[in-house]
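Peer 1: Below are the sequence and a predicted model for it; my questions follow.
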Amino acid sequence: MATTGTSGSGGKSQDGETSVTYYRMEEVAKHNTAKETWLVIHGRVYDVTRFLNEHPAGEEVLLEQAGTDASESFEDIGHSSDAREMLKQYYIGDVHPNDLKPNSGKKDPLKNHTCKSCWAYWILPIVSAVLIGVLYRYYKMESKS
Ligand code: HEM
């Protein structure tokens, strides 16, 4: 079943709020045929039925992903920005928040990168530099005596 809600994506309603149709994955999964081909990319639902014949790599690859979350396959191919732009034409709604996978909204895995180990980027070089300095001094002192 599809539900409607407000979100940052989808069509604008009259009061200026943006409305979006939410689909459960259960519903998406039903559209897995050449007659009705839906797939999910980054938490968004696309009806690619009319795109099947136009897909440069053929319809087979799309049909294989029909009714599922195709985010990973879509990214693995390294689709161009043109291909990403094309997605808009087939957008029909968002995956219901209860069915969203963690991180499924990520377009660029590096963009939402939480900097949990960032300390390593600057602490390690500093510690290494100090260590090399100490070793160098020690080596110099040893070679003098
Ligand atoms: C609605 C979703 C999709 C759109 C709009 C789309 C669009 C395109 C476009 C425009 C290209 C030409 C190359 C480029 O510009 O990147 C392409 C190539 C390709 N697509 Fe898709 N695609 C979609 C989904 C998928 C999915 C789910 C797969 C799954 C495996 C897939 C597999 C491929 C492959 C294998 C190529 C050929 C890459 C190559 O020859 O280097 N596409 N697609």
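Peer 2: Received the coordinates, thanks.
Peer 1: Contact distance from the ligand - what residues of the protein qualify?
Peer 2: Residues of the chain found near the ligand (CB under 6 Å from any ligand atom) are 46, 48, 51, 55-57, 61-62, 65, 70, 73-74, 77, 79-80, 82-83, 86-87, 90. Using the backbone N, CA and C atoms, a C-beta is placed for each residue, glycine as well.
Peer 1: Apply 8 Å and report the result again.
Peer 2: 39, 41, 46, 48, 51, 55-57, 61-62, 64-65, 70, 73-74, 76-80, 82-84, 86-87, 90 (CB under 8 Å from any ligand atom).
Peer 1: Could you list which of these belong to strands?
Peer 2: Members of these lying in strands (criterion: DSSP state E): 39, 41, 46.
Peer 1: from those residues, which is closest to residue 32?
Peer 2: residue 39 (8.8 Å; CB to CB).
Peer 1: hey, which helix is longest across this protein?
Peer 2: Longest helix of the chain, by residue count under DSSP state H: helix 119-144.
Peer 1: Can you give me the buried ones in that one?
Peer 2: Buried residues in helix 119-144, counted by 16 or more other CB atoms under 10 Å: none are found.
Peer 1: what packs against that helix?
Peer 2: Packing contacts for helix 119-144, counted by 3 or more CB pairs under 8 Å, 6 or more residues apart in numbering; DSSP states H and E, involve no helix or strand.
Peer 1: per-residue confidence averaged over it?
Peer 2: The average pLDDT within helix 119-144 is 87.
Peer 1: and the residue nearest to residue 28 when sequence neighbours are not counted, what does it touch?
Peer 2: In space, residue 28 comes closest to residue 38 once its chain neighbours are excluded; the distance is 5.2 Å by CB to CB, 6 or more residues apart in numbering. By CB atoms under 8 Å, 6 or more residues apart in numbering, residue 38 lies in contact with 23, 28, 31-32, 45-49, 66-67, 92.
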